[in-house]
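Asker: Here is my input; please provide its structure:
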Amino acid sequence: MGDTGPTGPVMDRDEVDRALARLGAEHEAIETSLLALQDHAGRRLLEGAELTGVTAERWGTAEASITLLWTYFDAYTAALRSAREIRSRRRWSSREDLVELTELLRGEAVTVASGAAAIANAPTPHGGPGRLSERYSLVTLVDRMNQLYATSLDMVVAADAVWSALPARIDLLAAELQRTRKLAHSVGVRPGEHPAGDDLERITRTLTRLREQVISDPLAFWTPARGSSAPGGGRPDTTVYDREARALEEVRREIDAVLAVRQDAEQRIVRLRDVLSRADRTLAEARTARGEVLAKIAATEVPVVGGPPIVLQEQLAAAAEYRRHAQWHRLSPLLESLEEKAEDELLRARESLTAVTAPLAVRAELRGRLDAYKAKMARLGHAEDPELAEKYEKARRMLWSAPCDLRVAEQAVLRYQHAAAELLGTARRVPGQGGPVDRTGPGA
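Answerer: Numbers count the residues shown, from 1 in each chain. Next up, the predicted model:
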C-alpha cells in the first residue's frame, strides 16, 4: 500500500497478523530456552560453587548475561503484549492502529535500561555515557537474546561436561589408587624404600590437587572444538588424568611382579642354586680336565679355568635373606638379575670345559680314525703289509703315549692314510701332504 510512516511503509492487517504469529512463536521458543537454561544442572552447580580462575571470571559475565537475557525477554514480552492488545481493539484495525503496530513491530520501540547492558558488558546500539535507557527493535532484541543465550549456554554446558566427566573418573581412579597402596604396603612397597611407593605418593597428591582444580575451575579443563559454533562444542581435557592413570597402571604391573615373586620365590631360589651348582661342578670338571690335558698332551696351550662365581653366591644368599624377611620388593629385581647371570655363568662353565678338553677330543678323533683305517685294511687283506704295519705302530705310539704331541701324531696318521691309499690303488692327494690319500673313508 502507499501509506508510509516513520519506519517506512505501513503494514496492512495481514502483514501485522503474520508478524504477530511469527513473533509469538519466537517468544515461545525463547521462553522455553530460557527456562531450560534456568533449570540446567550445570547452571545450578555454577551458582552454588566456589569458583576460581577462568571459570569464576566467565561465570561472572555469564550471570550478568543471563540477567540481561531475562530483562530483554521481559521487554520483548511487554512489546508483544502491547501489539496484541492494539490488534485486538477492532476486527478491522484502523489506519492509526496499523501505524502504531508498524512502529511497534518494525521500529525501535522497545526500551531497556542502559544499566542492564552495562552490567553484562554488552554493547548497545546507541550507547552513551549519559543515556538512562536504550531502544531496540524486536528483531534486534531477538538477535541480541540469541547471542547472549548462545554464549551463556556454551559456558554452562562446558562446565557441566567437565564436572560430569572428570570428578567421577578421578574418584574411581583414586579408589583404585587406595587399593593399590594397600596392596603395595603388604608387599613392602613403601615411600622412601621403593620407587613404586614414591610414585604412589606422587599420584595421590596429583589426583587430590586435580580434583580440587576441576571442581573450582572446570573451564580450565575444557578444550573447545575447532571451527564449531554450537554451544558446548568441545571436550574435557583429560591430559593430566590420563597421565596419572597410566602411571598407576605401571605401578600396578610392578606390584603384580612383586606378588608373583612372593608366590614362587622359593622355587626360583632352588632353581638358581641348582644352576649355580651345575656351573660349579662343570668348572671343577674343567679344572680336572685341564690337569689331565697338561699331563697327556704336549705342545698345546690349554685355557685357564676361572674360579667359582663367588659374587653370585653372595647375591643368592642375599636373595634368601630377602625372602626370609618378606622383602619382596627387593627380592624381585635381584632374582631377575640373578637368573640371567646364573644362566650366563653355566654357559661360561660349559664353554670353558669344551675349550679345555678340545685337545683330548682331537686325540680321540685321531685314534678313532687310525683304528678305523687299520680295520679296513685288515678286511681287505693288507694287515700284514710291513710298511703299513710300521706306519701304524709309529702313529699308535704317538697317540697312546704321554705327553702326546698332537701335531706330530696327526702327521703320522696322515702318513698311514697315504700309505693305505697307495696300497689300495685309489690314491688321491692328502691335504697338507705331497702324496695321495684315500677319500673313500675307512668303511669303504
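
Asker: In the stretch 201-350 of the chain, mark out all the strands, start to finish.
Answerer: Counting by DSSP state E, counting those that start in this stretch, residue ranges of the strands within the stretch 201-350 of the chain are 222-224, 234-236, 297-298.

Asker: For those strands, could you give me TSV that also reports mean neighbour count, mean pLDDT and distance to residue 342?
Answerer: The way it works is simple: take the backbone N, C-alpha and C, and place the C-beta from them, glycine included. Rendered in TSV, the data for those read as follows (neighbours: other CB atoms under 10 Å; pLDDT from 0 to 100; distance: least, CB to CB, whole Å):
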stretch	mean neighbour count	mean pLDDT	distance to residue 342
strand 222-224	16	91	52
strand 234-236	17	91	51
strand 297-298	18	78	32
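
Asker: Ok, which of those strands comes nearest residue 262?
Answerer: Between residue 262 and those, the shortest separation by CB to CB is 39.4 Å, and it involves strand 234-236.

Asker: so residue 354 sits in a helix?
Answerer: Yes - according to DSSP: H, G, I helix; E, B strand; the rest coil, residue 354 belongs to a helix.

Asker: Please tell me the pLDDT value assigned to it.
Answerer: Residue 354 carries a pLDDT score of 86 in this model.

Asker: wait, what's in contact with it?
Answerer: Under the criterion of CB atoms under 8 Å, 6 or more residues apart in numbering, residue 354 has no neighbours.

Asker: buried residues in stretch 363-370?
Answerer: 363, 366, 367, 369, 370 (16 or more other CB atoms under 10 Å).

Asker: Sitting in helices, which of the residues you listed do you find?
Answerer: Helix and strand membership here follows DSSP state H; of the buried residues of stretch 363-370, those in helices are 363, 366, 367, 369, 370.

Asker: So which residues of the stretch 1-150 of the chain form strands?
Answerer: All strands of the stretch 1-150 of the chain, identified by DSSP E, counting those that start in this stretch, fall at 4-5, 8-9, 110-113, 133-136.

Asker: For the last one, name the packing helices and strands.
Answerer: The reference is to strand 133-136. Contacts defined by 3 or more CB pairs under 8 Å, 6 or more residues apart in numbering; DSSP states H and E place strand 133-136 against strand 110-113, helix 114-119.

Asker: Render the CA-only coordinates of that strand in PDB, please.
Answerer: C-alpha atoms of strand 133-136 as PDB (Å, rounded to 0.1, in the frame of the first residue of the first chain):
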ATOM      1  CA  SER A 133      17.800   3.700  28.600                       C
ATOM      2  CA  GLU A 134      18.300   2.200  25.200                       C
ATOM      3  CA  ARG A 135      15.700   1.500  22.400                       C
ATOM      4  CA  TYR A 136      15.700  -1.700  20.300                       C
END
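
Asker: quick one: residue 204 and residue 177 touch, right?
Answerer: Yes - with contacts counted by CB atoms under 8 Å, residue 204 reaches residue 177, the gap being 6.2 Å.

Asker: any chance of the strands of the stretch 1-150 of the chain in JSON lines, with mean neighbour count, distance to residue 311 and mean pLDDT too?
Answerer: Listed next are these as JSON lines, based on neighbours: other CB atoms under 10 Å; distance: least, CB to CB, whole Å; pLDDT from 0 to 100:
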{"stretch": "strand 4-5", "mean neighbour count": "14", "distance to residue 311": "106", "mean pLDDT": "56"}
{"stretch": "strand 8-9", "mean neighbour count": "12", "distance to residue 311": "102", "mean pLDDT": "76"}
{"stretch": "strand 110-113", "mean neighbour count": "17", "distance to residue 311": "88", "mean pLDDT": "81"}
{"stretch": "strand 133-136", "mean neighbour count": "18", "distance to residue 311": "89", "mean pLDDT": "81"}
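
Asker: got a list of what residue 293 touches?
Answerer: Residue 293 neighbours (CB under 8 Å, 6+ apart): 300, 302, 356, 357, 359, 360.

Asker: Pull the number of nearby residues for residue 420.
Answerer: By the measure other CB atoms under 10 Å, the count of residues near residue 420 is 24.

Asker: can you tell me which helix or strand it belongs to?
Answerer: For residue 420, the element it lies in under DSSP states H and E is helix 406-424.

Asker: Okay, buried residues for that helix please.
Answerer: 406, 409-410, 412-423.

Asker: Next: stretch 157-168.
Answerer: By neighbour count, with 16+ other CB under 10 Å as the criterion, the buried positions of stretch 157-168 are 157, 158, 159, 160, 161, 162, 163, 165, 166.

Asker: that older thread, would you turn the strands of the stretch 1-150 of the chain into JSON lines with distance to residue 20?
Answerer: Converted to JSON lines, the strands of the stretch 1-150 of the chain look like this (distance: least, CB to CB, whole Å):
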{"stretch": "strand 4-5", "distance to residue 20": "18"}
{"stretch": "strand 8-9", "distance to residue 20": "17"}
{"stretch": "strand 110-113", "distance to residue 20": "15"}
{"stretch": "strand 133-136", "distance to residue 20": "18"}
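
Asker: of those, which approaches residue 15 most closely?
Answerer: Here strand 8-9 is closest among these (CB to CB), at 9.2 Å.

Asker: where does the protein dip in pLDDT?
Answerer: Counting by pLDDT under 70, the chain has low-confidence residues at 1-8, 93, 114-132, 227-230, 299-300, 426-444.

Asker: any idea how it splits into domains?
Answerer: The record assigns the chain these domain ranges, following automatic domain parsing: 4-155, 160-257, 267-357, 360-437.

Asker: For the third one, measure first residue to last.
Answerer: In other words, domain 267-357. With CA to CA, to the nearest Å as the measure, the first residue of domain 267-357 is 34 Å from its last.

Asker: Distance from it to the middle of the chain?
Answerer: Distance of domain 267-357 from the chain centroid (CA atoms, centre = their mean, to the nearest Å) equals 38 Å.

Asker: Start at 751, not 1
Answerer: Yep, numbering from 751; the last one is domain 1017-1107 now.

Asker: more crowded one of residue 954 and residue 927?
Answerer: Using other CB under 10 Å as the criterion, residue 954 and residue 927 rank with residue 927 on top: 20 against 17.

Asker: Identify the residues contacting that one.
Answerer: The contact partners of residue 927, taken as CB under 8 Å, 6+ apart, are 950, 953, 954, 957, 998.

Asker: Check which helix or strand the first one maps to.
Answerer: Meaning residue 950. For residue 950, the enclosing helix or strand under DSSP H and E is helix 945-966.

Asker: For that helix, what is the distance to the chain centroid?
Answerer: Chain-centre distance of helix 945-966: 19 Å, with CA atoms, centre = their mean.

Asker: same deal with stretch 942-962?
Answerer: Between the mean C-alpha location of stretch 942-962 and the chain-wide mean there is a distance of 18 Å, by CA atoms, centre = their mean.

Asker: next one: stretch 922-937
Answerer: Centre to centre, stretch against its chain (CA atoms, centre = their mean), the figure for stretch 922-937 is 20 Å.

Asker: Since that was my last question, I'll sign off now.
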